[in-house]
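Undergrad: Give me a 3D structure for the following:
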Amino acid sequence: MKRMILLRHGQSAWNRENRFTGWTDVPLTAQGRQEAVAAGELLLEGGFQFRRAFTSYLRRAIDTLNFVLEETGREWIPVDKSWRLNEKHYGILQGWNKAETVKKYGAEQVHVWRRSYDVAPPPLSVDDPRNPRFESKYDGVSSDDLPLTESLADTVRRLMPYWEGTILPALAEEGEVIVAAHGNSLRGIVKNIKGMSNAEILDFNIPTGVPYVFEFDDSMQYVQDYFLGDQEELKRKMLATAQV
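TA: Numbers count the residues shown, from 1 in each chain. Below is the predicted model:
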């Protein structure tokens with residue numbers, strides 16, 4: 001049996017402030033750090049022994065992974081970072097308060113930007129200081145690959161080469177890996193594994209800081225998936241995630 005753990009980062013500063021975050025590099029809150037530690041404790045109790053880790057270029061995911069590795073005593077394993085695991089880019093909405101955005105554009109329009117599969121928010125201008133081309137962490141990424149906005153479909157498309165070319169081969173070789181990333185990039189992985197429709201993946205919510213385990217047989221065929229931890233608390237967190 002082979003196992004992969006998907007882990008959405010703990011609560012971030014802009015999660016708490018109800019702001020669109022996307023590629024903005026914000027830290028974890030105290031609650032987010034506690035969620036990451038708790039995730040590590042669950043994985044340790046479950047006897048997980050992942051041998052390779054993957055995360056995005058964004059500190060909220062990197063810090064979450066670091067807390068997990070520390071709690072499980074696995075700081076020594078190789079960690080691969082990729083911009084392809086970054087969150088969906090929210091274009092001009094990044095930094096805006098969600099409630100204020102609804103007042104400005106209307107609930108229906110904001111719902112389309114947030115929850116449709118293939119409609120992206122309005123893009124940043126090329127010279128907008130929020131453009132990722134101005135950040136040194138992306139110096140090695142072609143400017144043609146750096147988004148100014150994204151739909152979920154766009155997020156899934158830029159994720160797939162890394163999923164198929166790096167994470168899947170590592171899982172096959174190592175037998176157990178962990179991926180610490182973001183709600184929408186992790187949705188792309190889940191959609192691919194489970195063959196979910198565009199509509200189904202939009203209604204699927206991954207709570208922050210809860211380990212999500214996928215099991216595969218030795219032929220790399222998907223067997224089952226499940227969240228760790230208290231199931232009533234899980235339901236509460238998934239409902240809260242759907243409402244923000």
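Undergrad: Not counting its own residues, what contacts the helix ranked longest in the chain?
TA: Counting residues, the longest helix in the chain under DSSP state H turns out to be helix 30-45. Applying C-beta atoms under 8 Å, 6 or more residues apart in numbering, the contact partners of helix 30-45 are 5, 7, 9-12, 15-16, 28, 50, 60, 63-64, 67-73, 178, 208-211, 228-229. Placement of C-beta: from N, CA and C, glycine included.
Undergrad: let's go with 6 Å and repeat that
TA: 7, 10-12, 64, 67-68, 71-72, 208-209, 211, 228-229 (C-beta atoms under 6 Å, 6 or more residues apart in numbering).
Undergrad: Next, the buried residues of it.
TA: 32-33, 35-40, 42-43 (16 or more other C-beta atoms under 10 Å).
Undergrad: Any chance you could give me that helix in CSV, C-alpha atoms only?
TA: Listed next in CSV are the C-alpha coordinates belonging to helix 30-45 (Å, rounded to 0.1, in the frame of the first residue of the first chain):
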residue,chain,number,x,y,z
ALA,A,30,-1.5,31.7,16.1
GLN,A,31,-4.5,29.5,15.3
GLY,A,32,-2.9,28.4,12.0
ARG,A,33,0.2,27.4,13.8
GLN,A,34,-1.8,25.4,16.3
GLU,A,35,-3.6,23.7,13.5
ALA,A,36,-0.3,22.7,11.9
VAL,A,37,1.0,21.3,15.1
ALA,A,38,-2.2,19.4,15.7
ALA,A,39,-2.0,18.0,12.2
GLY,A,40,1.6,16.8,13.0
GLU,A,41,0.4,15.2,16.2
LEU,A,42,-2.4,13.3,14.3
LEU,A,43,0.1,12.0,11.7
LEU,A,44,2.5,10.9,14.4
GLU,A,45,-0.2,9.1,16.3
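Undergrad: and the spatially most central residue of the chain, how far is that from Glu87?
TA: By C-alpha atoms, centre = their mean, the mean C-alpha position of the chain lies nearest to His182, the distance being 1.4 Å. Distance, His182 to Glu87, using C-beta to C-beta, to the nearest Å: 4 Å.
Undergrad: now Leu228
TA: 22 Å.
Undergrad: So between those two, which is more surrounded?
TA: Glu87 (26 against 20; other C-beta atoms under 10 Å).
Undergrad: and the more buried one, what does it touch?
TA: 22, 182, 184 are the contacts of Glu87 under C-beta under 6 Å, 6+ apart.
Undergrad: you'd agree it is in a helix?
TA: No: counting by DSSP: H, G, I helix; E, B strand; the rest coil, Glu87 is located in no helix; its state is coil.
Undergrad: Next one, pLDDT for it please.
TA: For Glu87, the pLDDT comes out at 98.
Undergrad: do the same with Ser143
TA: 93.
Undergrad: Tell me how far it lies from Pro129.
TA: For Ser143, the distance to Pro129 - C-beta to C-beta - is 16 Å.
Undergrad: again, but for Glu173
TA: 41 Å.
Undergrad: between these two, which one's more packed in?
TA: Using other C-beta under 10 Å as the criterion, Glu173 and Pro129 rank with Glu173 on top: 11 against 8.
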